[in-house]
Each structure stands twice: as structure tokens, then as C-alpha cells.
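Colleague: no FASTA, just this:
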């Protein structure tokens with residue numbers, strides 16, 4: 001038997017099958033484009049993304065016939081919802097979290113609303129990036145579409161639904177809507193009433209690890225899967241990342257480096273709301289019972305991808321097959337810290353600041369500046385964004401003396417060394433860096449009895465590859481550069497707002 005992990009990200013989907021002993025059997029990846037129909041808008045073609053997911057599953061299924069898949073679980077981005085009908089028709093694209101739509105509607109909704117009261121029910125730092133603001137915008141500007149939709153499904157839930165399951169969502173993903181009561185573990189009647197959102201337009205809430213059905217015979221035939229594959233409720237990608245990195249107890253944090261970079265600490269209780277809200281920290285369910293997580297995040301891999309597409313498109317096409325463009329570009333980066341500063345606000349920022357009216361900046365360019373320096377500055381400054389948040393984590397007792405690095409960016413030796421040097425702590429790379437997929441596969445195994453508990457799954461699946469130790473001399477230089485970085489946004493804030 002084998003276990004299938006699926007990860008649906010903002011820029012691509014990954015699928016991998018693992019043996020019960022943790023051996024990788026097959027994997028596949030499909031990349032897709034973000035659509036920008038107007039300035040400030042960002043969507044995914046939901047039908048096109050699903051086709052990429054089916055292709056990736058089919059590719060992996062074809063390579064695992066000798067060790068057939070028995071269960072699958074899905075890790076996915078949060079916030080973005082797709083409108084569907086009861087007979088599984090997709091009605092439109094999904095609106096991504098970086099899309100500015102919904103900001104005005106959320107401001108109107110929250111007028112006179114007590115932020116602390118809202119946080120007590122749904123402990124997120126309020127901003128336009130969540131599902132609720134997008135639903136408010138749709139209801140106002142596309143009422144026919146809103147009315148036609150039987151359900152609005154988050155990505156992990158959409159894939160399971162299209163595989164043949166009834167519409168459900170995990171506690172982990174439901175929290176990303178701003179409509180979920182974290183303590184009652186169900187949709188909040190108070191928040192639904194506040195937003196005017198009908199409960200029947202949302203799926204039922206279930207705990208991560210619940211078996212929500214099996215792949216339909218028609219989809220099994222289409223994808224080349226065996227009949228009767230169990231579908232296990234997964235969760236938000238960073239929660240799955242945490243399990244896939246080996247975290248099943250409180251007090252540790254991971255650093256997930258994907259399209260978005262996210263530092264994810266774990267707790268064994270819901271922390272006191274006042275101190276969390278003051279520090280700009282949210283709380284939501286881990287995919288393991290009794291654990292909770294926070295997310296501190298911002299643009300990361302998407303900036304490097306922008307650099308690749310803008311400065312190295314021709315190089316990507318010219319590389320011999322099998323060579324990685326990112327390795328080639330990393331070889332052009334200077335050994336030491338750069339003197340450039342990049343403001344990683346190319347899109348609205350993530351937690352804890354949620355700045356919507358900004359733009360990216362690259363400061364310090366000279367005629368002698370190379371593209372390798374620009375790339376390294378992007379990696380440095382994307383890391384600077386999180387330095388202040390580390391102090392917030394320390395103040396609430398989270399261990400930040402080392403980080404496990406996950407995601408596609410964790411494959412880069414250069415980037416992990418930059419992070420170790422900036423933070424001044426070791427960065428650990430696991431053998432398998434796509435920990436969202438790994439966490440989903442472990443959860444599938446625990447839920448279907450392959451493993452007696454998460455610890456057994458972790459022991460089989462999680463193995464460290466390399467530790468990147470900080471260089472103290474470079475760390476001192478980066479501390480100085482971080483001081484300058486902190487001055488950059490205040491210096492250009494008003495101008496960026498105009499732009």
C-alpha cells in the first residue's frame with residue numbers, strides 16, 4: 001500500500017506517493033499562472049488548476065501500480081474560495097488572498113465592531129486577505145454569481161469534493177475564512193450574521209484526519225487510481241508543513257519557504273487573546289488534535305519567481321535539460337551580504353502588518369550592480385521582514401533557537417545560509433523539503449491505521465539532511481543592514497501610497 005499527499009499552492013500543485021516506510025515512490029508537479037485581470041486583482045483559473053491536479057495525480061498513480069494508493073490527504077493554501085454548484089460545476093475563478101477586492105467591504109462591515117470581540121471568536125488579524133471580504137465583494141458586485149453558488153469551497157475542500165466526497169472543510173482551513181469559531185469548532189452564528197453570509201453556502205466543518213469519503217469510481221478510472229481510495233481531511237498548508245517537518249508537540253516553530261514564506265509556531269492551548277492580538281499573531285488549529293498554530297508570513301518565493309521571469313527568462317530556456325535555473329542564478333550571487341535593500345511589498349503584505357497600499361522597492365542600485373546582487377538582496381530582505389516577529393515569539397515562550405526549513409525554497413543552500421546568518425540561528429533542512437505533502441501523507445496514514453499515532457509516522461517519514469550554521473561576522477553585518485531596512489518603508493510610505 002502507499003499514501004498519497006497532495007499540496008495545492010498559489011503557483012503550483014505537487015503530488016507524491018510514499019510507502020508505509022516513508023520511501024518516496026513517485027512525485028509530480030504542475031505550475032500555473034496567476035491571472036491579473038485588472039491592477040490589484042489576482043485570481044486562479046480554478047478549472048485549469050484542477051486539471052493540473054488531475055494530471056499530477058495521474059502521473060503519480062501510473063508509477064505506483066505495484067504499490068497502489070490506499071488513502072490520500074490534501075494540504076492547500078487558505079483563504080481562496082471557488083463557487084460551485086451541488087452537481088460539481090465550477091462557476092468561476094477563485095480570488096487570491098493578495099487581491100485587493102474586499103478591503104472596502106470589510107472596512108464597512110467592521111465599523112463599530114469590537115476587534116477584541118471578533119478576535120475572541122476568530123483569532124485572526126483582520127485584513128482583506130481572508131475569504132469573508134472576498135465573499136462580501138462578490139455579493140455586492142456579482143450578486144448573480146453569489147446567488148448561483150451552492151457552496152464556496154476552499155482549495156483542499158474543492159479537490160476532495162471534485163473527487164467525489166461531500167463538501168466538508170477542516171477546522172484548519174475554516175479558520176481562514178474569518179467565519180469560524182475556534183472554540184466551538186464550527187461556523188460562528190455571530191460572525192455569519194455580522195457578514196450576512198448564509199451558513200448553507202459553506203461546507204460542514206470536520207477535524208483534520210477525518211475520513212470524509214472515497215474517490216468515486218469515475219474519478220478513480222479517470223486518474224488511474226484503485227477503487228475505494230480513502231479521502232482524509234487535511235488542512236491549511238502551513239499546518240500540514242508543521243507535521244511534515246516533525247512537529248507534533250508545542251513550543252517549536254518551522255519556517256516554510258514557498259510562494260509565501262511563513263513562520264509557524266505550535267501551541268498546546270489557545271493563547272491569551274490580548275497578548276497575541278497586541279503582537280499581531282493569529283491562532284488556528286494545527287492538523288493534530290490539541291495543537292494550535294500562528295502564521296507570520298509575507299511574499300517570498302513569488303519574489304524570486306518574479307526575478308527569474310523578469311531577469312532570466314532567456315536563461316531558463318537556454319539551460320540544458322536537467323539543470324536548475326535557480327542554481328545557476330545563485331552562483332552569480334556575491335559571497336557576502338549585499339548593500340542593497342529590497343522592500344518585499346510587491347503585493348499586499350502578510351502578517352503581522354497587512355499593508356495594502358504599498359509597492360516593491362529596490363534601493364541602492366548602481367551602474368556596477370549585478371543581477372546576482374539583486375537576487376541576493378531579494379532573499380535578504382524577504383528574511384529581514386521576519387526579524388521583529390522573532391522577538392514577539394520569544395516573548396510568549398516559543399523556541400526560536402533553530403528552525404526547520406520546508407518548502408521549495410528550502411532546497412536552496414544559498415537561501416538557507418542567508419536565513420541562518422540574518423537570524424543568527426541554525427536552519428535545519430529535512431531530507432524531504434515538501435513537508436506539506438509529507439504532513440498530508442502522514443495524516444492519511446494515521447487516519448487509516450497505517451501508523452498507530454503521529455509519532456510513528458514522523459519516525460518513518462521525517463529525516464534531517466543538513467544543518468546551516470550562522471556565520472557570526474555576517475550576522476553582525478546583517479544586524480546593521482536590518483536597521484537600515486527598518487527605515488526604508490517609513491521613508492517612502494507616502495510616495496508608495498500615491499503610486
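Modeller: Thanks, I have it. No experiment lies behind these values; they were computed from the predicted model shown.

Colleague: among the helices and strands of this structure, which has the poorest mean pLDDT?
Modeller: Within the chain, judged by mean pLDDT, DSSP states H and E, the helix or strand with the poorest mean is helix 313-318; its value is a mean of 83.

Colleague: Can you name the next helix or strand after that helix?
Modeller: Next helix or strand after helix 313-318 toward the C-terminus (DSSP states H and E): helix 325-330.

Colleague: Show me what that following helix is in contact with.
Modeller: Applying Cβ atoms under 8 Å, 6 or more residues apart in numbering, the external contacts of helix 325-330 come out as 304, 307-308, 312, 315-316, 319, 371-372, 375, 412-415. Quick note: C-beta positions are derived from backbone N, CA and C, even for glycine.

Colleague: Could you rerun that using 6 Å?
Modeller: With contact meaning Cβ atoms under 6 Å, 6 or more residues apart in numbering, helix 325-330 is reached by 312, 316, 319, 375, 414.

Colleague: And it, how far out from the chain middle?
Modeller: Its chain's C-alpha centre lies 24 Å from the corresponding centre of helix 325-330 when counted by Cα atoms, centre = their mean, to the nearest Å.

Colleague: go on, stretch 149-169?
Modeller: On Cα atoms, centre = their mean, the centre of stretch 149-169 falls 18 Å from the chain's centre.

Colleague: Stretch 41-54 now?
Modeller: Offset of stretch 41-54 from its chain centre (Cα atoms, centre = their mean): 16 Å.

Colleague: May I see the buried residues of it?
Modeller: Applying a neighbour-count criterion of 16 or more other Cβ atoms under 10 Å, one finds 42, 43, 44, 45, 46, 49, 50, 52, 53, 54 buried in stretch 41-54.

Colleague: Show me what the helix or strand hosting the last one is packed up against.
Modeller: To tie it back to what came earlier, the one meant is residue 54. Using DSSP H and E, the element containing residue 54 is helix 46-62. The helices and strands touching helix 46-62, judged by 3 or more Cβ pairs under 6 Å, 6 or more residues apart in numbering; DSSP states H and E, are strand 12-19, strand 24-31, helix 217-223.

Colleague: Filter the contacts of helix 325-330 down to the buried ones and express that as a PyMOL selection.
Modeller: Buried members of the contacts of helix 325-330, defined by 16+ other Cβ under 10 Å, are picked up in PyMOL with:
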select buried, resi 312+375+414
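
Colleague: Nearest to residue 360 among the contacts of helix 325-330?
Modeller: Nearest to residue 360 among these: residue 375, at 13.9 Å, using Cβ to Cβ.

Colleague: what domains does the record give for this structure?
Modeller: 2-246, 277-284+292-431+465-498 (automatic domain parsing).

Colleague: Same list (those) but as JSON lines, adding distance to residue 439.
Modeller: Output for these, formatted as JSON lines (distance: least, Cβ to Cβ, whole Å):
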{"stretch": "domain 2-246", "distance to residue 439": "3"}
{"stretch": "domain 277-284+292-431+465-498", "distance to residue 439": "9"}
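
Colleague: Quick one, which of those domains gets closest to residue 444.
Modeller: domain 2-246 (3.9 Å).

Colleague: From the opening residue of that closest one to its closing one, how far?
Modeller: Domain 2-246 has its terminal residues 20 Å apart, counting by Cα to Cα, to the nearest Å.

Colleague: Stretch 88-103 now?
Modeller: By Cα to Cα, one end of stretch 88-103 lies 30 Å from the other end.

Colleague: likewise stretch 423-438?
Modeller: So stretch 423-438: terminal residues 26 Å apart, Cα to Cα.

Colleague: what residues does it touch?
Modeller: 5, 7, 14, 16, 75, 237, 240-241, 244-245, 401-406, 410-411, 416, 419-420, 461, 463-470, 475.

Colleague: which residues touch residue 343?
Modeller: Shown in contact with residue 343 (Cβ under 6 Å, 6+ apart): 360, 361, 488.

Colleague: redo that, cut-off 8 Å
Modeller: 358, 359, 360, 361, 362, 363, 381, 488, 489, 492.

Colleague: Which of these are buried, as a ChimeraX select command?
Modeller: Buried residues within the contacts of residue 343, by 16+ other Cβ under 10 Å, are selected in ChimeraX with:
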select :358,360,361,363,381,488,489,492
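
Colleague: So for the contacts of residue 343, which is the shakiest by pLDDT?
Modeller: Within the contacts of residue 343, residue 358 has the lowest pLDDT, namely 80.

Colleague: Leaving out chain neighbours, which residue sits closest to that one?
Modeller: In space, and not counting its chain neighbours, residue 358 is closest to residue 345: 3.9 Å by Cβ to Cβ, 6 or more residues apart in numbering.

Colleague: So that neighbour is in contact with residue 355, correct?
Modeller: Yes. Under the criterion of Cβ atoms under 8 Å, residue 345 makes contact with residue 355 at 6.3 Å.

Colleague: so what sits against both of these two?
Modeller: residue 489.

Colleague: higher neighbour count, the two?
Modeller: The residue with more neighbours, out of residue 345 and residue 355, is residue 345; 24 against 15, by other Cβ atoms under 10 Å.

Colleague: what's the more buried one in contact with, if anything?
Modeller: Residue 345 neighbours (Cβ under 8 Å, 6+ apart): 299, 355, 358, 359, 360, 361, 489, 496.

Colleague: From these, which land in helices?
Modeller: Here DSSP state H is the test, and those give 489, 496 as lying in helices.

Colleague: Kindly reformat the contacts of residue 345 as a markdown table containing distance to residue 272.
Modeller: Shown next, in a markdown table, are those (distance: Cβ to Cβ, whole Å):
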| residue | distance to residue 272 |
| --- | --- |
| 299 | 30 |
| 355 | 26 |
| 358 | 31 |
| 359 | 36 |
| 360 | 36 |
| 361 | 37 |
| 489 | 30 |
| 496 | 35 |
